[in-house]
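K.L.:
for reference, the sequence and a predicted model appear below.
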Amino acid sequence: MILEAIVTTENDDGSTNIAPMGPRIEQGFHEFILRPFATSQTCQNLLRIREGVMHVTDDVGLIAQFAVHGNSNELGDWYADLRPARTVRGMYLASACRTYEFRVLSIDDLQDRVTLHCEVVDQLQLREFWGFNRAKHAVIEAAIAATRIGILSDDEIRQEFSRAAIIVGKTGGEQEHSALQFLQSYWQEKRSC
Ligand SMILES: Cc1cc2nc3c(=O)[nH]c(=O)nc-3n(C[C@H](O)[C@H](O)[C@H](O)COP(=O)(O)O)c2cc1C
C-alpha cells in the first residue's frame, strides 16, 4: 500500500530538504520502496547519502507547503521543528506522528522515477494520529494537483481545487482551510507568471 508521507534528507550544504513522498510500505514498516523523480532534490540527496527520515503526519499544512517549496532555507515556522535524527544523517520533524529513519538498500535508476528499496533502522512514536478527515484527504489531492501544474490542464486543476474547497468547507478546520488557501494562491501565482 502507498502511504502519503513526508521525507527529510540532507542537502549538500547541510540544510534539510523536506518533501511529500508516497512510499510503498512493505513488511509492517520494516522496509519500504520510494519512487522519487530523478529530478527531485530528495532523489539527488538519497543517491548521494543513502539515508533519510520518512514521517507519518496528519498535518496537511506541512504536506501542502513542502509539495511546492522544499528547501529548509524557505522553511519558516517548520524549521524550529527539526531535530537531529538518532541513527541516520539528517533531521526529523518533531511535530510528526511517527518517524522512520532509513537506509537505502538498493537503487534502480533506469527510469524517470528512481526505485529505492529502503530499510528502517530506527523509529519514533511522537504523538497519536488525529484520525480520518475528508478535508485532510482533499488537501492532499489538491497538493498533488499543485505539483502537476504545467502537466495537468488548468481545467483539471480548477476542478480538483473546487472539489477540495467544498469538502474543506464542510469538514475542515483552520489547518485545512489555510493549507488549501496556500495551494490556491500558489496556483494563481504560477498562472500569472
Ligand atoms: C501526497 C504527495 C505524494 C507525493 N509523492 C511523490 C512520490 O512518490 N515521488 C515523487 O517524485 N514526488 C512525489 N510528490 C511530489 C513531490 O513532493 C514534489 O515534486 C516536491 O516538490 C519534490 O520535492 P524535492 O525536489 O524537494 O524532493 C508527492 C506529492 C504529494 C503532495
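P.N.:
Now that the structure is in, tell me what you want to look at.

K.L.:
ranges for the helices of the chain?
P.N.:
With helices called from DSSP state H, the chain shows them at 41-49, 60-68, 134-146, 154-171, 174-192.

K.L.:
get me the contact residues on this protein for the ligand.
P.N.:
Taking C-beta under 6 Å from any ligand atom as the criterion, the chain approaches the ligand at residues 4, 17, 19-22, 35-37, 40-42, 63, 67, 70, 140, 143-144, 147. All C-beta spots, glycine's among them, are computed from the backbone N, C-alpha and C.

K.L.:
give me that answer again for 5 Å
P.N.:
4, 17, 19-22, 36-37, 40-42, 67, 70, 140, 143-144, 147 (C-beta under 5 Å from any ligand atom).

K.L.:
mind listing what the residue nearest to M54 when sequence neighbours are not counted touches?
P.N.:
The shortest distance from M54 to any non-neighbouring residue, by C-beta to C-beta, 6 or more residues apart in numbering, is to Y100 (4.5 Å). Residues in contact with Y100 (C-beta atoms under 8 Å, 6 or more residues apart in numbering) are F29, F32, V53, M54, H55, V56, V120, D122, Q123.

K.L.:
bridging residues for E101?
P.N.:
V53, D122 (DSSP bridges).

K.L.:
flag the shaky bits of this protein, pLDDT-wise.
P.N.:
Scanning the chain for pLDDT under 70 picks out 70-76.

K.L.:
is it possible to mark the buried ones in the residues of the chain next to the ligand?
P.N.:
Buried members of the residues of the chain next to the ligand, scored by 16 or more other C-beta atoms under 10 Å, are 4, 17, 19-22, 36, 40-42, 67, 70, 140, 143-144, 147.

K.L.:
so which residue is dead centre in the chain?
P.N.:
P20 (1.2 Å; C-alpha atoms, centre = their mean).

K.L.:
contacts only, for that one.
P.N.:
The neighbours of P20, taking C-beta under 8 Å, 6+ apart as the test, are E4, A5, I6, V7, I63, F66, A67, A143.

K.L.:
run a quick neighbour tally on the fifth one.
P.N.:
When neighbours are defined as other C-beta atoms under 10 Å, I63 has 24 of them.

K.L.:
thought it was touching H137?
P.N.:
No. Counting by C-beta atoms under 8 Å, H137 is not a contact partner of I63; they are 10.8 Å apart.

K.L.:
apart from its chain neighbours, what residue comes closest to A67?
P.N.:
A143 (4.1 Å).
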